[in-house]
Every structure is written in structure tokens, then in C-alpha cells.
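S.K.: Just need the structure, nothing else, for what follows:
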Amino acid sequence: MAGTVADAMADLAPEDFHLLSGVEQGMRFSEWVNREKLPDFSGLTTENVDFHLNRMLDLELIERKTIQYEGIKLTQRGYDALALHTFAERGTIEGFGAPLGVGKESDVYEVESYKPLALKFHREGFANFRAVRRERDYTADREHVSWLYTARKAAEREYEALETLYPAVSVPQPIDQNRHAIVMEKVPGVELAKARLPDEQVRGVLELILRELQTAYQAGFVHADISEYNVFVASEGITLFDWPQAVPVDHDNAEEFLRRDIENITSYFERKYPGQIGEVDTDSVAIAIEDGAFDRLD
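M.R.: Prediction:
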């Protein structure tokens, strides 16, 4: 999807982006924006709105629906186009590459810059909005919350965590953030879930992950969703990914989330490498991490 948007970027005029930004502005107040309000939101004349609206519909950057009025809203592609346009204007990225990973809550692509980087589009709330609103605390105090807001807040939360943790914690270096998108360092490696560790490395890799969680805790954050799918393993070490759900250590549930992270990752190692790590006392490990005293499982 985003690749198609990137291919179309060169054909979009400044007025197209004014219109898309106007729709985005209107969606702060309602899911569907009344077409009659678009001249005010976009700064375009009614005639220009009509012309560029048809172009955006053809490119599937917006949707149209007749309710009590003619309503317009951004599609994922339209929101992607706005973020890409901003990154290009800032000089953050120069070209768009192949997908690196596509999932329920994010799409990640390689992008060109002074070196290969990774571009992550957050998709939280688009497919399962109610579940995300229930689980993420940054939507709790909002009466009208769109998927644009949810995805943008997720990107902001993750970027804040990465800026705080890098380079003390082994996370991707954050480069730039706009709307629901983050540009970050492209890190080599393979998902822990897809790796097969030699027996002599199993315990050491788990201890390394736990020490990184400890460093993150001491820096002020609990990951709150650690698993075998957001740890990358490479010859140089490990990297912890996906921090949009991270919570500060003074959060009411930080202690619970830390113990859940420890339980999740140790349970994975116990399942995949039975007999290799021994019995792990989650509470003791959590207390050691909170005290900054964890080093080894024994």
C-alpha cells in the first residue's frame, strides 16, 4: 500500500496536500468531514476543492460517503502520503524501498537517506479500534478518538521512548517522527522467534535481554509488551523493538507490566529450549531489575 503511495508522490501538487491536510484537520472533530467545510479547512477555493477532491478519490487517498451530508475522510494511503511529504520536505528520506515487515499494528519499509533507514507506519486503531482504545492509556480521556489520533499517539509514545533509551539500551536509533510514522535506524538481525540459538548461547541471550530490560527500567521505561517477536538477534547482539505501549516506571501498572514482560520472555525460552535455562523466579528477577541489581539468572 505505502509503496504505491510513494510511487504517486511525485505527481501530487501542493494543492493536493493542502486538501489532504484540510481533511486531516476536519477529522479532529468528526470521523467524516462535511465537504462544504473543506474550503475553510484547506484554504482552497470551492472550485479547487472539487478538482483536487476527484484526484484524491481516484488515487484512493480519501474516501467519500453520503450520510446526512457528503462526508470525506482520509484513508491509510492518504495519511501515509502526508507523512511521506513531510519527511521529504525535511530531507529525512530521499527514496522508498522494499517492505521489511507488515503486521496488524504497523508496516515497516526500507527508505533511502544518507544510509539505509527503516520507516514505520503505525496502524493502531485502524483494524481493531475498540481493542486499542481499551488497552492504550493515551485514548482514555478523549471523547472523540479517530484511528488517526490513536496511530499518531502511538508513534509519539514510541519515539519518546526511543529518544530516552538510545543509546544506553539496545534499541533502534530514532531519526525523525511525523504523524503516525517514525524513521529509525535499520538494524540487522532476525526475529528471536525465527532464530535457532546454539545450546551454549541460550541462557546468555536470555540474560542479555533481561539486562536490557533492566537498563530501560533504570532509564524510566517498562516495555510492557516484550516477546520473541520484538527482539532481534544478530552476531553483534540483540535489539529490542516496538515501544508504543511502553509505560514510565511510575505508572500505576509498571510493576505488573515488568513482571509480565519477564514471564513472557522466560516462558518462550522454556518452551523452545527446554532444560536450557532452569527454573526462573519471576518475582526475584523483577525485584533485582527494579533495584538495578540483575546480572545473571543464578
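
S.K.: And the strands in the stretch 1-150 of the chain?
M.R.: Shown for the stretch 1-150 of the chain, the strands assigned by DSSP state E, counting those that start in this stretch span residues 33-34, 62-66, 70-74, 95-102, 106-112, 117-122.

S.K.: Let me know which of those is the nearest to E200.
M.R.: Checking the strands of the stretch 1-150 of the chain against E200 by C-beta to C-beta gives strand 95-102 as the closest, at 29.2 Å. Bear in mind the C-beta positions are built from the backbone N, C-alpha and C, glycine included.

S.K.: what packs against the closest one?
M.R.: helix 2-8, strand 106-112 (3 or more C-beta pairs under 8 Å, 6 or more residues apart in numbering; DSSP states H and E).

S.K.: wait, what's in contact with the residue nearest to A234 when sequence neighbours are not counted?
M.R.: Among residues not flanking A234 along the chain, G189 sits closest, at 3.4 Å (C-beta to C-beta, 6 or more residues apart in numbering). The contact partners of G189, by C-beta atoms under 8 Å, 6 or more residues apart in numbering, come to 232-234, 236, 238-239.

S.K.: For S170, see how far away G189 is.
M.R.: Per C-beta to C-beta, to the nearest Å, G189 is found 10 Å from S170.

S.K.: Find the residues that touch each one of the two.
M.R.: Taking C-beta under 8 Å, 6+ apart as the contact rule, G189 and S170 both touch 238-239.

S.K.: show me the contacts for the closest residue to T45 other than its chain neighbours.
M.R.: Distances taken as C-beta to C-beta, 6+ apart put P39 closest to T45, at 6.4 Å, once the chain neighbours are dropped. Counting by C-beta under 8 Å, 6+ apart, P39 touches 45-46, 49.

S.K.: Dump those to TSV, plus neighbour count.
M.R.: As requested, those are exported to TSV (neighbours: other C-beta atoms under 10 Å):
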residue	neighbour count
T45	11
T46	11
V49	24
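
S.K.: sorry, back to before: list phi and psi for the residue nearest to A234.
M.R.: Main-chain torsions, G189, degrees, to the nearest 10: phi 140, psi -170.

S.K.: I'd like the average pLDDT over the helix or strand hosting L162.
M.R.: L162 belongs to helix 147-165 when assigned by DSSP states H and E. Helix 147-165 comes out with an average pLDDT of 96.

S.K.: and K115, what is it in contact with?
M.R.: By C-beta under 8 Å, 6+ apart, the neighbours of K115 are K186.

S.K.: again, but for L57
M.R.: By C-beta under 8 Å, 6+ apart, L57 lies in contact with 63-64.

S.K.: what's the answer for the one 10 residues further on, then?
M.R.: Residues counted as contacts of I67 (C-beta under 8 Å, 6+ apart) are W32.

S.K.: Same check on the one 3 residues further on?
M.R.: Residues in contact with E70 (C-beta under 8 Å, 6+ apart) are 34-36, 64.

S.K.: Give me the residue at the spatial middle of this protein.
M.R.: H122 (4.2 Å; C-alpha atoms, centre = their mean).

S.K.: so where do the strands sit in the stretch 151-298 of the chain?
M.R.: Going by DSSP E, counting those that start in this stretch, the stretch 151-298 of the chain shows strands at 174-178, 181-185, 190-191, 221-222, 231-234, 237-240, 247-248.

S.K.: So which of the ones you listed is nearest G275?
M.R.: Going by C-beta to C-beta, the one of those nearest G275 is strand 231-234, 20.3 Å.

S.K.: Which strands or helices does that closest one pack on?
M.R.: Judged by 3+ C-beta pairs under 8 Å, 6+ apart, strand 231-234 is in contact with strand 190-191, strand 237-240.

S.K.: got these as JSON lines, with distance to S30 columns?
M.R.: Formatted as JSON lines, the helices and strands packed on strand 231-234 follow (distance: least, C-beta to C-beta, whole Å):
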{"stretch": "strand 190-191", "distance to S30": "39"}
{"stretch": "strand 237-240", "distance to S30": "38"}
